[in-house]
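[1] what shape does this take:
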Amino acid sequence: MDESSGGQSPGDEKRRPGRPPKITDSARSAAAALGAELRRLRIDRGLTLGQLGRLVGYSWQHLGAVERGTAVPSEVVVSACDAAVSANGRLVSMLPAVIREQARVRHQHEAARRPGRSIDLLGARARQVCEQDDLDWGRLADAARRPSRLSTAVVEDLELITDRQRRLYHELSSAEMMVHVQAQVGLLVSLLDSPQPDSLRHRVASAAAEAAGFAAWLWYDLGDLYTMSHCYRQAGLAAEEASDTGLRSYILGYQGLVARAQGRPESALEFFDQARQSAQRCVSDSTRSWLTVLTADALARVGRGGEALAALDAARSVLAGQDSRTDEWMYDFDEGSLAVHAGTCLLTVGRPESAAAAFTDALRSVPPSCERRGAEIQVGLAAARLASGDVEEAQRLVLASLETFAARGSVAGLHRIRELQGTFRARGHLGAAAAIDEQARALQAVTV
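    This next block holds a predicted model:
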């Protein structure tokens, strides 16, 4: 590449005068409609094809063909482009129509190759369609893309899908789930584009908030903090549309957890305080206990140990006297779940033995199928054991959790392992730190 090109790839070059962009007829096909929407969003974001290609990891030539409607993109490509241009699931929601269209085209081609009467019937139908000159195909294509009217049964099925996806978090990796969860978000958001009865609309908005919040957590687990933040904003807007302040407080709680994981305890405390103020008495006692113990941990991290221990006692009291109410969007927060956060809080205020006891209690209550959850607790227990001087046990726990995080592709989990490895090294336990490196290399060789 010579210097006159300015170091730009062909997809970054500006068109010369006399070469206007080719106009894509979005009514021509579902693929053309998706491509036209991608082009519009890309231009709105100020991106060239080359820049978009670098963001999503695909060639600008392929993306250009997608925009022209001459190439059918995969789910992975559409999901990546949707996130890159902040389409809020719009592109993902258009993909099913493209897939159906391609299946119909294949069927027609197969029918055309059949001998005898099928060809005659196909020709007769084609002639009949061509005679309908008064039909506005553009308007028909637009009508086909309008969101459907909803029924209670359909909304219940959509809610069930979101619930099942959240449960699969413990069985599948975040990367395996991401495309499907993001597609669910896109579907729910697209259904909010048309008028629906208020009761059903609120339920769809709640499901959209849950799904977007879950997608945000998956993006966090995969290490993509930019897309994670976008999904949390999307979840917050959906919760507001659902008029569900309790769900809004739940999403704020998870945003606080992410801020805490990023080493921003002051921001985390602000999120938790805002969530508790938003929740008030509109949430169940288990949700209030969860928000209170999160606040306790944040207080400990900003050096307010006395207030942290008081908040921890308050969280235990609320959970012990909880009422029979449940929040449908809240995960199963019980004594074992509280013990995990209690262990983190106690470790931060300098009580490693008490922290180890809390983590051990939490580990006993984790079902065998929740391997990732167990690995997260093991990391906390390893930190407590290391602080108490039990280096050998801490090393064993770290190696066990490292294997699980690697199998699940959890970037956030692996980041915690690296942080703890740094603590081993800082305290002079170089052999343990080397063992973690050796295990990581072995796991990498197996996965490759």
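
[2] tally of neighbours for Arg441?
    Neighbour count of Arg441, defined by other C-beta atoms under 10 Å: 10. Quick note: C-beta positions are derived from backbone N, CA and C, even for glycine.

[3] my bad, Arg304
    The burial count for Arg304: 16, using other C-beta under 10 Å.

[4] care to break this structure down by domain?
    Domain assignment for the chain, taken from automatic domain parsing, gives 22-106, 249-348.

[5] out of those, the one nearest Gly374 is which?
    Set against Gly374 and scored by C-beta to C-beta, the domains of the chain come closest in domain 249-348, at 10.6 Å.

[6] report the helix or strand with the lowest average pLDDT across this structure.
    Ranked by mean pLDDT, DSSP states H and E, the weakest helix or strand in the chain is helix 117-130, scoring a mean of 46.

[7] picking that back up, mean pLDDT and distance to Ala153 added to the domains of the chain, as CSV?
    As requested, the domains of the chain are exported to CSV (pLDDT from 0 to 100; distance: least, C-beta to C-beta, whole Å):
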stretch, mean pLDDT, distance to Ala153
domain 22-106, 83, 20
domain 249-348, 89, 17
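
[8] looking at those domains, which is closest to Thr152?
    Distance to Thr152, taken as C-beta to C-beta, is lowest for domain 249-348 among the domains of the chain, at 15.4 Å.

[9] straight-line length of that closest one, end to end?
    End-to-end distance for domain 249-348, by C-alpha to C-alpha, to the nearest Å: 25 Å.

[10] with distance to Ala400 added, can I get the domains of the chain in TSV?
    Shown next, in TSV, are those (distance: least, C-beta to C-beta, whole Å):
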stretch	distance to Ala400
domain 22-106	32
domain 249-348	17
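
[11] and of those domains, who's closest to Glu159?
    Glu159 lies closest to domain 249-348 among those, at 8.1 Å (C-beta to C-beta).

[12] ok now that closest one, how far from the chain's centre?
    Centroid separation between domain 249-348 and its chain, computed with C-alpha atoms, centre = their mean, to the nearest Å, is 22 Å.

[13] what's the answer for stretch 215-230, then?
    6 Å.

[14] so what touches that stretch?
    Identification of contacts with stretch 215-230 by C-beta atoms under 8 Å, 6 or more residues apart in numbering yields 83, 86, 169, 174-175, 177-178, 181-182, 185, 231-232, 235, 254, 258, 261-262, 409-413, 415.

[15] mind redoing it with 6 Å?
    Ala83, Ser174, Met178, Val181, Gln182, Val185, Cys231, Tyr232, Val258, Ser410, Val411, Ala412 (C-beta atoms under 6 Å, 6 or more residues apart in numbering).

[16] ok, stretch 266-275 next?
    Residues contacting stretch 266-275 (C-beta under 6 Å, 6+ apart): Ser249, Leu252, Gly253, Gln255, Gly256, Ala259, Arg260, Leu291, Leu294, Thr295, Ala298.
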